[in-house]
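Engineer: quick one, structure for this:
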Amino acid sequence: MEIPTFSIEKAGDIAIVIPSPTAEKMAEDLMLTATELVLDPLDQMKPSGLVFDLSEVDYVGSLFLGFLLRCHKRVKKHGCEVVIAGASPNARELLHLTGLDTLWPIYNDRKEAIAALNSD
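Structural biologist: The predicted model follows:
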């Protein structure tokens, strides 16, 4: 499924949200719209796990962190576990500074993240 600046893929019961490089530069109103466009299919899928594959973005700002948190809050209602994959050094640093690295496990790549979710 393609949503402007975001893709959603499935690996079994796991959903993978992949932001494009343009996602880190989205205006607030567009980010809010994109959030709903991502959450609607996730609500229908009710995945057991959610991977945010950040391998295509270098920097995540406050708007993007808000997007991640809104998605996290919504899928947690269904008991979904959320992890991050492929975060750049800049993104990892911001996740660490905000303490979000304690909320979401961070894996080097999508394959590692999916394997971790499947082992639970």
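Engineer: what separation do you get for the most centrally placed residue in the chain and residue 65?
Structural biologist: Geometric centre of the chain, nearest residue: residue 52, 2.7 Å, by CA atoms, centre = their mean. Between residue 52 and residue 65 the computed distance is 11 Å (CB to CB, to the nearest Å). No exception for glycine: its C-beta is placed from N, CA and C like everyone else's.
Engineer: please, which helix or strand holds the residue nearest to the centre of the chain?
Structural biologist: Assigned by DSSP states H and E, residue 52 falls within strand 49-53.
Engineer: buried sites along the very next helix or strand once past that strand?
Structural biologist: Moving toward the C-terminus from strand 49-53, the next helix or strand (DSSP H and E) is helix 62-76. Residues of helix 62-76 classed as buried: 63, 64, 67, 68, 69, 70, 71, 72, 74, 75 (neighbour count, 16 or more other CB atoms under 10 Å).
Engineer: these two touch, right, the second one and residue 23?
Structural biologist: By that I understand residue 64. Yes: the pair residue 64 / residue 23 is scored as a contact, 6.5 Å apart, by CB atoms under 8 Å.
Engineer: which residues are common contacts for those two?
Structural biologist: 31, 57 (CB atoms under 8 Å, 6 or more residues apart in numbering).
Engineer: my guess is the residue nearest to the centre of the chain contacts residue 81. True?
Structural biologist: No: counting by CB under 8 Å, residue 52 stays clear of residue 81, with 11.9 Å between them.
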